[in-house]
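Peer 1: coordinates for the following, if possible.
(chains A, B, C, D, E and F)
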6 protein chains.
Amino acid sequence: MRHNNRKNNELRTIHITTDYVKHPEGSVLIEFGDTKVICNASIEDKVPPFMRGQGKGWITAEYAMLPRATQQRNIRESSKGKVGGRTMEIQRLIGRALRSVVDLNQTGERTVWVDCDVIQADGGTRTASITGAFVAVVLAFNKLKKANKIKKMPVTDFLAAISVGISPDGTELLDLDYGEDSQAHVDMNIVMTGEGEFVEIQGTGEEATFTVSQLQAMLGLAAEGLEKITDKQKDVLGEAAGSIGETKQTEGDTP
Amino acid sequence: MRHNNRKNNELRTIHITTDYVKHPEGSVLIEFGDTKVICNASIEDKVPPFMRGQGKGWITAEYAMLPRATQQRNIRESSKGKVGGRTMEIQRLIGRALRSVVDLNQTGERTVWVDCDVIQADGGTRTASITGAFVAVVLAFNKLKKANKIKKMPVTDFLAAISVGISPDGTELLDLDYGEDSQAHVDMNIVMTGEGEFVEIQGTGEEATFTVSQLQAMLGLAAEGLEKITDKQKDVLGEAAGSIGETKQTEGDTP
Amino acid sequence: MRHNNRKNNELRTIHITTDYVKHPEGSVLIEFGDTKVICNASIEDKVPPFMRGQGKGWITAEYAMLPRATQQRNIRESSKGKVGGRTMEIQRLIGRALRSVVDLNQTGERTVWVDCDVIQADGGTRTASITGAFVAVVLAFNKLKKANKIKKMPVTDFLAAISVGISPDGTELLDLDYGEDSQAHVDMNIVMTGEGEFVEIQGTGEEATFTVSQLQAMLGLAAEGLEKITDKQKDVLGEAAGSIGETKQTEGDTP
Amino acid sequence: MRHNNRKNNELRTIHITTDYVKHPEGSVLIEFGDTKVICNASIEDKVPPFMRGQGKGWITAEYAMLPRATQQRNIRESSKGKVGGRTMEIQRLIGRALRSVVDLNQTGERTVWVDCDVIQADGGTRTASITGAFVAVVLAFNKLKKANKIKKMPVTDFLAAISVGISPDGTELLDLDYGEDSQAHVDMNIVMTGEGEFVEIQGTGEEATFTVSQLQAMLGLAAEGLEKITDKQKDVLGEAAGSIGETKQTEGDTP
Amino acid sequence: MRHNNRKNNELRTIHITTDYVKHPEGSVLIEFGDTKVICNASIEDKVPPFMRGQGKGWITAEYAMLPRATQQRNIRESSKGKVGGRTMEIQRLIGRALRSVVDLNQTGERTVWVDCDVIQADGGTRTASITGAFVAVVLAFNKLKKANKIKKMPVTDFLAAISVGISPDGTELLDLDYGEDSQAHVDMNIVMTGEGEFVEIQGTGEEATFTVSQLQAMLGLAAEGLEKITDKQKDVLGEAAGSIGETKQTEGDTP
Amino acid sequence: MRHNNRKNNELRTIHITTDYVKHPEGSVLIEFGDTKVICNASIEDKVPPFMRGQGKGWITAEYAMLPRATQQRNIRESSKGKVGGRTMEIQRLIGRALRSVVDLNQTGERTVWVDCDVIQADGGTRTASITGAFVAVVLAFNKLKKANKIKKMPVTDFLAAISVGISPDGTELLDLDYGEDSQAHVDMNIVMTGEGEFVEIQGTGEEATFTVSQLQAMLGLAAEGLEKITDKQKDVLGEAAGSIGETKQTEGDTP
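Peer 2: Numbering: from 1, shown residues only, chains lettered A, B, ... in the order given. Okay, the predicted model is just below:
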């Protein structure tokens, strides 16, 4: 039995609070059950050196956890003097996923810095980060659009992410909490567009392996869950949601 | 005229939310107007190498800002690979201040890790951090006491901090917000005990200098403000407040 | 048309040279076309601190490229003073994949250090690394077994990896070279056991997204290619291949 | 009884040797008893990026101790790979203090690098550094003035620093040596201008707290001592002393 | 008796394989017995900032060992986050030696990056690196010359290096392998031009000292060996060897 | 004509001041003309991990320059976060040279930390460092001997170092100052024992090469100069000089 009698295909309660912090162009607090992440999108009016002069924009993401977001306190990466492998993997994933639904030819020479800071962790922090970051990015572009700095919303489709996995007894589960995740034999993160196409699939069976049919079952659970999450995003974005897709992704817009 | 018609000797609205994050032994969200800091106190059942075998405890603090806590996004210290001078100064100050009101002979060989993470900055983040961290530390020790791991509350007195300064027109001000702070000619941070004794005075006049009488005026404003802040702390701590001072600081308890 | 008239489901020529370097317990040079990787497995008679005293072993991997393995010279990570995100992702992947087919309860308190150093790169360096590292690890354990330091081969199944992708014209391709990889819309790395079960799936569509049916087609190509690669591994391992699977993976053998 | 029968309000013997090292524009060896610091001021004909194009100058300070300046050898910060918190605090303090008495609008786009290197430490190294660095900076500007690179001495007032504290028996002391400092209950550093105004007050009671009247007593001792130190600086600077104050600090000259 | 009955003045078997890796402008695998080093020379069409605008070129070298090039696995310098003293010494030596036989006025504003990566170590890795790097550099310049980017071969003379030493029984030895090197009382590396002039002499007697006559004997052995090594280089370079010396070193061509 | 009409085989004026800093066990200020180096020897009552339990001692050296020891200010290595190649080379050389004349079997399990800090540089800082460090080490061991912590002086012979070189006009010179060194075609550092045997020879011809007869001439100059330097060391060491050599170097005393 899952915590709170959740069904295997049932998401945790999701809250998305917009304008959570006052300074960023887009700011969101996203909660999946006890997992809480602040997602801030900051617009900078220049691009990194390798992209200058092309008339295009860039999106990059950083991810961190407060030291006591977890049960055991973690040492700060600033104190260690370096960013760990897990953090790098996650922030590369977040950036890549966001870039897949933004037409960087429509943003001008601007960088969107996305900061995902986990305040409290209970499993699924990377998928919550992507889901919340998407909302923050749309809010930030909406602000640019209202200020007439860009003409169209450069976001081409919705984007959300969720985890699925296989429990020790072989059951496929949607949206694993920390307790489930630490026991799961297979752990998979799926990022999808609003149109239901895959952006990323990352499935790992460190203690176990998985078959094609288990893969299908997990993909099915994920698709079902992601549809509901996208509905949440639409509700929260209100009017701004309507402008998503007014530009369509053009080919070759990322390096 | 100050923002929101604040008087020169008036504090901003202060909120202290306890149990803000679920994992730490003590967790507080403290707000001074638009300045918001999460203060978490974590208990670890060992002390750093230089203190082992003395039967005493240790308190250490770390301070950080989310990259977009400020108007301009700051580069993460983990990305830079080192902790900056301002951060080091602040976290050394927080740790030192907390140790001045804790009898480390009464804590057992335990380390209290205090993490102050600024979510939103609008001036006074270091003094808000000290004030909130004090509450988090009391909550953490109270949990230890209820679990019979320590016999008495090792906190010997209340502790709070506030900033004062001198505006360009020569007026002394209490509790400066960011706009005031960035224009002030003199910036001073005062840490005091509940008994009204000084723990730290740090006054700086980078663009200007100040006289003895200006110093007196600022100290007066600070004392007045700190009394009100301590009242807030008492309210929030409830029953736990009563146990503060049941041990008195013994001499020589810090290295 | 692919380079050298390769068919879409055709692997590049694969060579695996064993005992390539004289010092390591297991040493392999693996070539996939022009991609060349030295994979060395070193046995150390202790485990990292977090695993001591459990009677179990550990496998960890490091990956690097010579500065001029690529068309443009890359700055050494030792000169930069830090290991980059891509490197970390790859070395975490290699380690995780190898651990999935080794019963760490059967290795004694030993660490296997796997070093994958790319001498020449032409696409698919991470999958070549996994495939070659597997052979090096089997060789190293075989040496331990012959020296009577372990009783059984602790490797539970074969392991190999390959890349698949979708070209700009929508064709699914097996084993992409650098030219193909840099143009592909979707890039996917599949790690599979000899039994045909998934160990890792990592699929990314940075510029594009992909559908369920495209996913199926790519998985089919990969399975076909991996069967041939495993046959190569068997040939090269000779007698040692026969001992693979003499222990079966026990549950919970990795932390 | 203090070492050498010093009275509570008595300074140690102070020596200031000018032109101590031959390369720097201003070079001083300052001795407060057994504390010896080399203070070098170097003029660079450009400013840091954040100040370019404003027609103003900048002053920055660095502080270090030789490893065996102290009773126990300290590990070099270059070997550790990072500058510690105490060092950062001190060098930020030195720079800030010097900038308070230099009109940076009168220096041209130049940076003054101040290096304070402690050769032998016996308490009060930071206050000796400020006091000696002030002399080195005046010498460096005097050289610029004589070479007609600046028209007026941009130093607006004298600057000196001293420590005061409270001994375990409650006595206020001036100019603590290492033995006194390591036992003091309160440790305070005061930086003052020649006109007797405060530039910095930093008072810390880690083991103890202090009252308003103790603060007053310490400030009195400091003022008395600083007057004598400024006389020393005047003697040593000779003719150059006369030009101090020929420009008066203009408002807003530091960022 | 030396390994393989080598005589005291006998070199190990030397192999030089050109075009070993396909991307670099010059690429060589050099083997001295069991010591194997990949030497790649990469041409970059710009020079470091300190040399810009002088119409001259630059040569710099980097050296590394694969972690398991040695009997005991070494920790990667990228993982340590810094390049060690031994590595720095060696790469400075390689760069300096190569610059002594290249007329940097004839190369245009180009940098030659030389990467020496030791795949397998058995003594003499630094001298093998210099010897192989020389060949790689000539190959790279030859490619530039054939592409009409430079008019003449800028290499002014041959360059090779070898180690000599004194065994515990007092015998002078040529070309020490690892076993000999680790026992030798004196270890000396000699770099010479084809004309038989010295470029570098580095002799060290950590456990012992050496006399003038021992020095003479070692220099004699080295000269004899270096002549044979230069013959090897000539054979391998073929036609390109003929162009060496068509420019003569001009004075003052290195900074 | 050399500066101050020095002859080609003439040393600069040498001063060695003992007990320069009060805390170290051995402390020396050494001056070769305008080159000034503080050499401190500190005794620590333990050895590094790799030497524990062998009953032997260790000597290690660190070298640094004050930022403004040179004509242009250098960035501190602590600020850069890493020790440069030149520094590493020099400190490895100093340590190695000192260990060649100390019988580490006679020191007990102690480490001698030698710190050479250049206050003012005018050429020959590394040879001055070795020469001064030798005196500091003898003074430190003498203190140990007087305190009956060791029975005999473990220093087996005198040790001194000097630079020689070849000027652009082909003249061999002894003890080059900075102006000469920066123009020299060949730069060579010689470390010798009091008995006149070589400890280190490091000769470099970056812009030029040198012949055997030039080498001989330089070695002759060095031997002549080193004899005079050793006489200076004897004078300064007084009675302690007499105990040098009372133990003779035993074989294999360094790892």
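Peer 1: tell me which residue is most central in chain A.
Peer 2: With the centre of chain A defined as its mean C-alpha position, the nearest residue by CA atoms, centre = their mean is residue A:130, 0.5 Å away.
Peer 1: which residue packs closest to that residue, ignoring adjacent ones?
Peer 2: Closest residue in space to residue A:130, ignoring its immediate chain neighbours: residue A:161 at 4.0 Å, by CB to CB, 6 or more residues apart in numbering or on different chains. The way it works is simple: take the backbone N, C-alpha and C, and place the C-beta from them, glycine included.
Peer 1: moving C-terminal of the helix or strand bottoming out on mean pLDDT in chain A, what's the next helix or strand?
Peer 2: Counting by mean pLDDT, DSSP states H and E, chain A has its least confident helix or strand at helix A:77-80, which shows a mean of 91. Downstream of helix A:77-80, the next assigned helix or strand under DSSP states H and E is helix A:85-99.
Peer 1: show me what that next one is packed up against.
Peer 2: Secondary structure elements in contact with helix A:85-99, counted by 3 or more CB pairs under 8 Å, 6 or more residues apart in numbering or on different chains; DSSP states H and E, are strand A:58-65, strand A:111-120, helix A:125-146, strand A:159-166, strand A:186-193, strand A:198-204, helix C:85-99.
Peer 1: winner for burial among the ones you listed?
Peer 2: For the helices and strands packed on helix A:85-99, the largest average neighbour count (mean count of other CB atoms under 10 Å in any protein chain shown) is found in strand A:159-166, namely a mean of 27.
Peer 1: could you point out which element follows that strand?
Peer 2: Towards the C-terminus, the helix or strand next in line after strand A:159-166, according to DSSP H and E, is strand A:172-174.
Peer 1: walk me through which strands that following strand pairs with, and which way each runs.
Peer 2: For strand A:172-174, the paired strands and their directions (DSSP bridges) read strand A:159-166 (antiparallel).
Peer 1: in a strand, that's where residue A:153 is, yeah?
Peer 2: No - the assignment for residue A:153 is coil, going by DSSP: H, G, I helix; E, B strand; the rest coil, so no strand is present there.
Peer 1: any idea how many residues pack against it?
Peer 2: 22 (other CB atoms under 10 Å in any protein chain shown).
Peer 1: that one and chain B: what is the separation?
Peer 2: Between residue A:153 and chain B the distance, using CB to the nearest CB, to the nearest Å, works out to 22 Å.
Peer 1: also residue A:132?
Peer 2: In this structure, residue A:132 and chain B are separated by 14 Å, where distance is defined by CB to the nearest CB.
Peer 1: go on, residue A:73?
Peer 2: If you go by CB to the nearest CB, the gap between residue A:73 and chain B works out to 4 Å.
Peer 1: next: residue A:24.
Peer 2: 4 Å.
Peer 1: and the residue nearest to the centre of chain A, what pLDDT?
Peer 2: We note a pLDDT of 98 for residue A:130 in this prediction.
Peer 1: wouldn't it be in contact with residue A:160 here?
Peer 2: Yes - with contacts defined as CB atoms under 8 Å, residue A:130 counts as touching residue A:160 at a distance of 7.1 Å.
Peer 1: same list (the helices and strands packed on helix A:85-99) but as JSON lines, adding distance to residue D:24.
Peer 2: Output for the helices and strands packed on helix A:85-99, formatted as JSON lines (distance: least, CB to CB, whole Å):
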{"stretch": "strand A:58-65", "distance to residue D:24": "42"}
{"stretch": "strand A:111-120", "distance to residue D:24": "42"}
{"stretch": "helix A:125-146", "distance to residue D:24": "50"}
{"stretch": "strand A:159-166", "distance to residue D:24": "58"}
{"stretch": "strand A:186-193", "distance to residue D:24": "58"}
{"stretch": "strand A:198-204", "distance to residue D:24": "57"}
{"stretch": "helix C:85-99", "distance to residue D:24": "43"}
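Peer 1: what's near enough to touch residue A:29?
Peer 2: With CB atoms under 8 Å, 6 or more residues apart in numbering or on different chains as the criterion, the residues that contact residue A:29 are A:15, A:16, A:17, A:20, A:36, A:37, A:38, A:39, A:132.
Peer 1: try it again at 7 Å.
Peer 2: Under the criterion of CB atoms under 7 Å, 6 or more residues apart in numbering or on different chains, the neighbours of residue A:29 are A:17, A:20, A:36, A:38.
Peer 1: which residues touch the least confident helix or strand of chain A?
Peer 2: Contacts of helix A:77-80 with the rest of the structure, by CB under 7 Å, 6+ apart, involve A:64, A:83, A:84, A:87, B:62, B:64, B:77, B:78, B:83.
Peer 1: and for whichever residue of the stretch 51-200 of chain A sits closest to chain D, the neighbour number?
Peer 2: Shortest the stretch 51-200 of chain A-to-chain D distance, computed as CB to the nearest CB: residue-wise this is residue A:81, at 7.2 Å. By the other CB under 10 Å criterion, the neighbourhood of residue A:81 contains 19 residues.
Peer 1: ditto for residue A:155
Peer 2: Burial of residue A:155 is recorded as 26 neighbouring residues (other CB under 10 Å).
Peer 1: quick one: contacts for it?
Peer 2: Taking CB under 7 Å, 6+ apart as the definition of contact, the neighbours of residue A:155 are A:101, A:102, A:137, A:138, A:141, A:244.
Peer 1: same check, this time on residue A:192
Peer 2: Applying CB under 7 Å, 6+ apart as the definition, the contact partners of residue A:192 turn out to be A:160, A:198, A:199, A:223, A:226.
Peer 1: so for stretch A:20-27, what's the average pLDDT?
Peer 2: When the per-residue pLDDT values of stretch A:20-27 are averaged, the result is 98.
Peer 1: quick one: end-to-end distance for that stretch.
Peer 2: The straight-line separation of the ends of stretch A:20-27 (CA to CA, to the nearest Å) is 5 Å.
Peer 1: what does stretch A:171-181 give?
Peer 2: The separation between the terminal residues of stretch A:171-181, taken as CA to CA, is 13 Å.
Peer 1: then stretch A:205-220?
Peer 2: One end of stretch A:205-220 to the other measures 18 Å (CA to CA).
Peer 1: how about stretch A:4-22?
Peer 2: Using CA to CA, the gap from the first to the last residue of stretch A:4-22 comes to 34 Å.
Peer 1: list the contacts of that stretch.
Peer 2: A:27-33, A:38, A:40, A:132, A:135, A:139, A:171-175, A:177, A:221, A:224-225, A:228-229, A:232, A:236, B:34, B:68, B:119-120.
Peer 1: identify the residues contacting the residue nearest to the centre of chain A.
Peer 2: Residue A:130 sits next to A:94, A:97, A:159, A:161, A:191 when contact means CB under 7 Å, 6+ apart.
Peer 1: which intervals of chain A have sub-threshold pLDDT?
Peer 2: Within chain A, the stretches with pLDDT under 70 are A:206, A:249-255.
Peer 1: any buried residues in stretch A:21-37, and which?
Peer 2: When neighbours are counted by 16 or more other CB atoms under 10 Å in any protein chain shown, the buried residues of stretch A:21-37 are found to be A:21, A:23-37.
Peer 1: distance from that stretch to the middle of the chain?
Peer 2: Its chain's average C-alpha position is 12 Å from that of stretch A:21-37, according to CA atoms, centre = their mean, to the nearest Å.
Peer 1: got the end-to-end distance for that stretch?
Peer 2: Using CA to CA, the end-to-end distance of stretch A:21-37 comes to 12 Å.
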